[in-house]
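> pasting a predicted model and its sequence here:
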Amino acid sequence: MKLTHIIPLVSLATAVYAAPQSFDFKDPKGVNNAVFKLDAPLESINGSASGISGTVSFDPENPAATTGKIVVAAESLTVPNPMQKEHLHGANWLEVTKYPEITFEAKSLANVKTDAGVTTADATGTFTLHGVSKEITVPIKLTYLKDKLGSRVPNLKGDLLVIRANFNINREDFNIQKGQYEDKVSPTIDLSLSIAGASVAK
Amino acid sequence: MKKTLRILALLVVLATVATWLATGADRGWTKTSKDVKTLDEVTGIEGITHKPTFIAGVDFLTLGFGGAAALFGSSFFFRKPNTKNNQTNQTNN
């Protein structure tokens, strides 16, 4: 075999090996969740959202190249008090019928550190809430679990990617009751994301 | 009627306090569900499910006490039966 034939084959093999995997975050087990907390005088308002979907492109050999988009269905946001939930979904707060999705689209990673399948980094991307998009940087932790998909979903082979992120946003940056009720509900919203995505082996 | 309303007000207060105590004496807002966390052993993620549960909060207490106060207050609009006058009238007849 001539050298001119080998070079493209080696390049192709390397490209296949190094190709990033696509992880689907629509979790069949339904454990993926986003938790939010707002301080309030009587009791902090704690809630969660379970309607999570999206895809992330992750290369275990090059975690710094990770990109992707996570979508949270605004309708899935819930709090234990029914009246608070009604207000949260309503016209004065999130307007979930008008703005049905809360998204974060990661465009680049910085300060990437990887150790034993665990990568920590600062992800910069566009966060969209209540129809307002803003570029933010959030610290994230990526845990790559090779060949673990079968342990969660029988009859499927593949890998898992767990993403965890804790950060906060200001509701006023997203036109949510700007300058209103600051004595009753904190303008700062603490967010915590714990999600797992699957990449099925082909 | 006066007495009935006052007894009813007392019963409302007792029922409110009893419900609040029985559901955990929560000092926050009333809740109709409780978060139950389950650990996914493969990913280490704590999944959250919402179990329908009634937990009476301070707004429930306020509503109960307010209702009782309204019942008690309305009892003042009813006059006590004047038994003395009735007896005098019967004697004169």
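Perfect, I can see it now. Residues are numbered from 1 along each chain as shown, chains lettered A, B, ... in the order given.
> most centrally placed residue in chain B?
B:Thr16 (2.7 Å; C-alpha atoms, centre = their mean).
> what's the closest residue to that residue other than its chain neighbours sitting at in phi/psi?
In space, and not counting its chain neighbours, B:Thr16 is closest to B:Gly64: 2.7 Å by C-beta to C-beta, 6 or more residues apart in numbering or on different chains. For every residue, glycine as well, the C-beta is placed using N, CA and C. For B:Gly64, the backbone dihedrals (degrees, to the nearest 10) come out as phi -60, psi -50.
> measure B:Gly64 to chain A for me?
16 Å (C-beta to the nearest C-beta, to the nearest Å).
> buried residues, stretch A:73-88. List them.
A:Ala74, A:Leu77, A:Thr78, A:Val79, A:Pro80, A:Asn81, A:Gln84, A:Lys85, A:Leu88 (16 or more other C-beta atoms under 10 Å in any protein chain shown).
> for A:Thr67, which residues are in contact?
With contact taken as C-beta atoms under 8 Å, 6 or more residues apart in numbering or on different chains, A:Thr67 is in contact with A:Val56, A:Ser57, A:Ala106, A:Lys107, A:Ser108.
> quick check: bridge partners of the residue lying closest to the third one once chain neighbours are set aside?
Distance criterion C-beta to C-beta, 6+ apart; nearest residue to A:Ala106, sequence neighbours excluded, is A:Gly125 at 4.0 Å. Beta bridges link A:Gly125 to A:Ala106, A:Ile136, judged by DSSP bridges.
> tally up the residues packed near A:Gly125, please.
The number of residues packed near A:Gly125 is 20, by other C-beta atoms under 10 Å in any protein chain shown.
> same deal with the one 4 residues further on?
A:Leu129 sits with 23 neighbouring residues when counted by other C-beta under 10 Å.
> now it: closest residue in space that isn't a chain neighbour?
A:Phe174 (4.4 Å).
> wait, isn't the one you found in contact with A:Val132?
Yes - if you go by C-beta atoms under 8 Å, A:Phe174 and A:Val132 touch, sitting 4.4 Å apart.
> those two: which is more packed in?
Taking other C-beta under 10 Å, A:Phe174 and A:Val132 do not tie; A:Phe174 has more neighbours (20 against 12).
> tell me which of the buried residues of stretch A:73-88 is nearest to A:Ser48?
A:Thr78 (6.4 Å; C-beta to C-beta).
> partner residues bridging that closest one?
A:Ser48.
> which parts of chain B sit against chain A?
Chain B comes close to chain A at residues B:27-35, B:38, B:40, B:42-48, B:50, B:55, B:57-58, as judged by C-beta under 8 Å from any C-beta of the partner chain.
> wait, isn't B:Pro12 in contact with B:Gly64?
Pro isn't right for residue B:12; it's Val. Yes - taking contacts as C-beta under 8 Å, B:Val12 lies within contact range of B:Gly64: 6.1 Å.
> what's the burial count for the residue nearest to B:Thr16?
By other C-beta under 10 Å, 20 other residues sit near B:Gly64.
> how near is it to B:Ala15?
Counting by C-beta to C-beta, to the nearest Å, the gap from B:Gly64 to B:Ala15 is 7 Å.
> B:Ala68: what secondary structure?
Put simply, B:Ala68 is helix when judged by DSSP: H, G, I helix; E, B strand; the rest coil.
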